[in-house]
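> A structural model of the following input is requested.
(2 chains)
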Amino acid sequence: MSIEVRNVAKQFDGFTALHDVSLKVEPGELLALLGPSGSGKTTLLRIIAGLDFPTGGRVFFNGEDAGHRHVGARGVGFVFQHYALFRHMTVLDNVAFGLRVKPRQQRLPRAEIVERAMRLLQLVQLDAFAKRYPGQLSGGQRQRVALARALAIEPRVLLLDEPFGALDAKVRKELRRWLRRLHDEMQLTSVFVTHDQEEALELADRVVVMSNGRIEQIGSPTEIYDRPASSFVYEFLGDVNKLPVTVESREAIVWSRRFPVGDDMPEEGVASAYVRPEDVEVSATAQPGSVPAAVSHISALGPIVRLELDLEGQGQPIEAELTRRRWHELDIKRGQHVWLSTNRARIFIDQPR
Amino acid sequence: MAQTIQPTETGFRRPTEESSLARFLIIGLTALFLLTFLVLPLVVVFTEALGQGLSAYLAAFADEDAQAAIRLTLLVAAIAVPANLVFGVAAAWAIAKFEFKGKSVLLTLIDLPFSISPVISGLVFVLLFGAEGWLGPFLQAHNIEIIFALPGIVLATIFVTFPFIARELIPLMMEQGTEDEEAALSLGASGWQTFWRITLPNIRWGLLYGVLLCNARAMGEFGAVSVVSGHIRGLTNTMPLHVEILYNEYNLVAAFAVASLLALLALVTLLIKTVLEVRYGDELAASVRRH
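Numbering: from 1, shown residues only, chains lettered A, B, ... in the order given. A predicted model of the protein is given here:
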């Protein structure tokens, strides 16, 4: 099942949630819509589901215009952020709901419905909880019931709105892996919304980064992380040092090294250089193309050690990440003077936001 | 001013906990108030009603006019409550689940019967349907009786009681949002199935509570009904009106006997409500919080 979103726009009174968004989801793909709140990602997901309608543009399922089709007729499984489980029904009844509301001709016999619901509960490892009510389950269990319920109607497409948003970190990680497996096993086409870049990068085949109702970039997790298309994507995907630089004859100098600017940028002007903390090289002695700095803070939490460094003549501290081993080698202490350099920096012209 | 802080055994006291004197005063005041204004009148009603023995009490109900009044009251409630049930659900649904212009105006209008005197509510219908009213000549020409007849009483009762169910449901439905309905629809349920299987069960306890309140008021309404009824004995007298007539005739035992029936109704309502709260406490919690 492929999904195509063509020039979709959505306006609420006086507010544009989506500007002319186009996107294709390939069959069997697991796609993430990633963006901060208010970026329009949930609106886009709801439009794909048929829970909201676009004010412009179209949505195609397998090349067929789905615009006139009601949410119930689209064959989508929708998983809500807050689960939306029916609180007055048992877990089993929740999962069986989609099978029981079918028109009589299409409805399975009662016993078969129960059997199928139970199979789905086994799949989400909750068959022991069939007789419980949603109120008696934990967040992670509820989310699994919601998934089983959505899968009961054998959807061709699974849409998930911040599926792990309300769960604690450990459960979230487990469920993520489990969802990936489920997606592959059931050969679904899935789209999920998240504001958590780690989740998007870990789980998805492709990531769609959105901001202010527009798509900033579409690409595989590696592409997105290594070659961000805009300063927004750079900043949104992980930590970044943003340094003010001046562009002269298509080059900018970052820490005494020259970096070329992209073709689409003006020759001269004020710009920002983006350097990821892991791309900041720290050394104890002066190297060619390095600048002196003082260590103002060290946090050695886990395998990665984070340093905060003060550069002369620069207001904002620079963040650097070292492996624990490198940190021991350098034997860095707070207040010590070190040398910084980088060979990876991206220059973006400052855009008014 | 120095406050006396009385330490508990551990030497600590929660900041929100008052001193025992303040606590005693507040609880005492509340209890005294309830005793004076609720318990005492209730006791008076039953003592007066049973003051001359059970046979005198029962005799009050043997009276044909009393029986007619009871029948009329039941009939009026039987029409008004279902009407308001439908209206209340529709209004709450509209307000909680849709966005439209004039929503706040509608909300204010629903509250109107709470804020105007019942007598005025009755008068409005007299001015509208009465012999001298706007539609009076038309109704007379077609031989339709509204004022001083059952339709007028029903109309006035519906008007006075329509906020009860809607008011009970609006906050409940707003709090619940539309996610459950959306989930049901995405699973292939029709609008009708969604209403019966999802929306209605979600609001059932709030709805039942609203119906109880609405019913109690529909049977007990005096002011508005008094204006439109015309006090025709055995014909347009409801129980509260009958009580007043009996009382004005110094027929105290009969007056209090009928009144005791109304009081009993209130007590039963309260009892059902309490039983519901105990049995379905969790599910009711959402709606009880607001009372």
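> can you map out the strands along the stretch 101-250 of chain A?
A:157-161, A:189-194, A:206-211, A:214-219, A:241-248 (DSSP state E, counting those that start in this stretch).
> Kindly state which of those is positioned closest to chain B.
strand A:157-161 (8.6 Å; Cβ to the nearest Cβ). C-beta here means a position set from N, CA and C on the backbone, and glycine is covered the same way.
> Out of the strands of the stretch 101-250 of chain A, flag the one nearest B:G28.
Closest approach to B:G28 among the strands of the stretch 101-250 of chain A is made by strand A:157-161 (53.2 Å; Cβ to Cβ).
> Pull up the pairing partners for the closest one, direction included.
Its sheet considered, strand A:157-161 pairs with strand A:76-79 (parallel), strand A:189-194 (parallel) by DSSP bridges.
> what are the C-alpha coordinates of the shortest one, in CSV please?
Going back to what we said before, that points to strand A:76-79. Provided in CSV are the C-alpha atoms of strand A:76-79 (Å, rounded to 0.1, in the frame of the first residue of the first chain):
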residue,chain,number,x,y,z
VAL,A,76,-6.2,2.5,8.4
GLY,A,77,-5.3,1.5,11.9
PHE,A,78,-4.9,4.7,13.9
VAL,A,79,-3.1,4.7,17.3
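> and that strand, what's its mean pLDDT?
Per-residue pLDDT over strand A:76-79 has a mean of 93.
> neighbouring contacts of the helix or strand just after it?
Sequence-wise, the next helix or strand downstream of strand A:76-79 (DSSP states H and E) is helix A:91-100. Applying Cβ atoms under 8 Å, 6 or more residues apart in numbering or on different chains, the contact partners of helix A:91-100 are A:85-86, A:89, A:107-108, A:113-114, A:116-118, A:120-121, A:126, A:129-134, A:137, A:145, A:148-150, A:152-153, B:184, B:187-189, B:197.
> Next one: B:L150 from B:A266, what distance?
B:L150 sits 24 Å away from B:A266, going by Cβ to Cβ, to the nearest Å.
> what do you get for A:R110?
Counting by Cβ to Cβ, the gap from A:R110 to B:A266 is 45 Å.
> what about the helices in the stretch 1-150 of chain B?
Per DSSP state H, counting those that start in this stretch, the stretch 1-150 of chain B carries helices over the ranges B:20-34, B:40-50, B:53-62, B:64-97, B:103-115, B:118-129, B:136-141, B:150-176.
> what packs against the fourth one?
Counting contacts by 3 or more Cβ pairs under 8 Å, 6 or more residues apart in numbering or on different chains; DSSP states H and E, helix B:64-97 is packed against helix B:53-62, helix B:103-115, helix B:150-176, helix B:200-220, helix B:239-248, helix B:252-279.
> how much does it deviate in direction from helix B:53-62?
When axes from the mean of the first three to the mean of the last three Cα atoms, to 10 degrees is applied, the directions of helix B:64-97 and helix B:53-62 differ by 70 degrees.
> For the residue in the stretch 151-291 of chain B that chain A sits nearest to, which non-adjacent residue is spatially closest?
Using Cβ to the nearest Cβ, B:L187 is the residue of the stretch 151-291 of chain B that sits closest to chain A, at 3.6 Å. With Cβ to Cβ, 6 or more residues apart in numbering or on different chains as the criterion, B:L187 has its nearest non-adjacent residue at 3.6 Å, and that residue is A:G98.
> Please apply the same query to A:E267.
With Cβ to Cβ, 6+ apart, the residue lying closest to A:E267 is A:R250, at 5.5 Å.
> which residues sit in contact with that neighbour?
By Cβ under 8 Å, 6+ apart, the residues touching A:R250 are A:P260, A:V261, A:M265, A:E267.
> ok, and the most crowded of the residues you listed?
For those, the largest number of neighbours (other Cβ atoms under 10 Å in any protein chain shown) sits with A:V261, at 23 neighbours.
> For the nearest residue to it once chain neighbours are set aside, grab the count of nearby residues.
Computed as Cβ to Cβ, 6+ apart, the closest residue to A:V261 that is not its neighbour in sequence is A:I347, at 4.5 Å. Neighbour count for A:I347, taken as other Cβ under 10 Å: 21.
> Which of the helices or strands spans A:I347?
Taking DSSP H and E as the definition, A:I347 sits inside strand A:346-349.
> could you give the mean pLDDT of that strand?
Across strand A:346-349, the per-residue pLDDT values average to 83.
> same deal with stretch B:243-251?
With pLDDT averaged residue by residue, stretch B:243-251 scores 89.
> How about the residues of the stretch 101-250 of chain B by chain A?
Contact residues, the stretch 101-250 of chain B versus chain A (Cβ under 8 Å from any Cβ of the partner chain): B:179-180, B:182-190, B:193, B:197-198, B:201-202, B:204.
> what residue ranges in the stretch 51-200 of chain B score low on pLDDT?
Within the stretch 51-200 of chain B, not a single segment meets pLDDT under 70.
> switch the cut-off to 90
Residues of the stretch 51-200 of chain B meeting the criterion pLDDT under 90: B:51-67, B:93-104, B:106-119, B:121-152, B:162, B:168, B:174-178, B:191.
> can you count the residues close to the residue of the stretch 51-200 of chain A found nearest chain B?
Using Cβ to the nearest Cβ, A:G98 is the residue of the stretch 51-200 of chain A that sits closest to chain B, at 3.6 Å. Residue crowding around A:G98 was assessed by other Cβ under 10 Å; the count is 25.
> So for the closest residue to A:L120 other than its chain neighbours, what's the pLDDT?
Leaving out its chain neighbours, the residue that sits closest to A:L120 by Cβ to Cβ, 6+ apart is A:A148, at 4.2 Å. The model reports A:A148 with a pLDDT of 93.
> and A:A148, how many neighbours does it have?
A:A148 is flanked by 25 other residues according to other Cβ under 10 Å.
> Just to check, it is in contact with A:D127?
No: using Cβ atoms under 8 Å, A:A148 makes no contact with A:D127, being 9.9 Å away.
> Overlap in contacts, the two.
Common contact partners of A:A148 and A:D127 (Cβ under 8 Å, 6+ apart): A:L121.
> Report the separation between the residue nearest to A:V145 when sequence neighbours are not counted and B:A69.
Leaving aside its chain neighbours, A:V145 sits nearest to A:V91 (5.3 Å; criterion: Cβ to Cβ, 6+ apart). As judged by Cβ to Cβ, A:V91 and B:A69 stand 52 Å apart.
> Kind regards, and thank you for your time.
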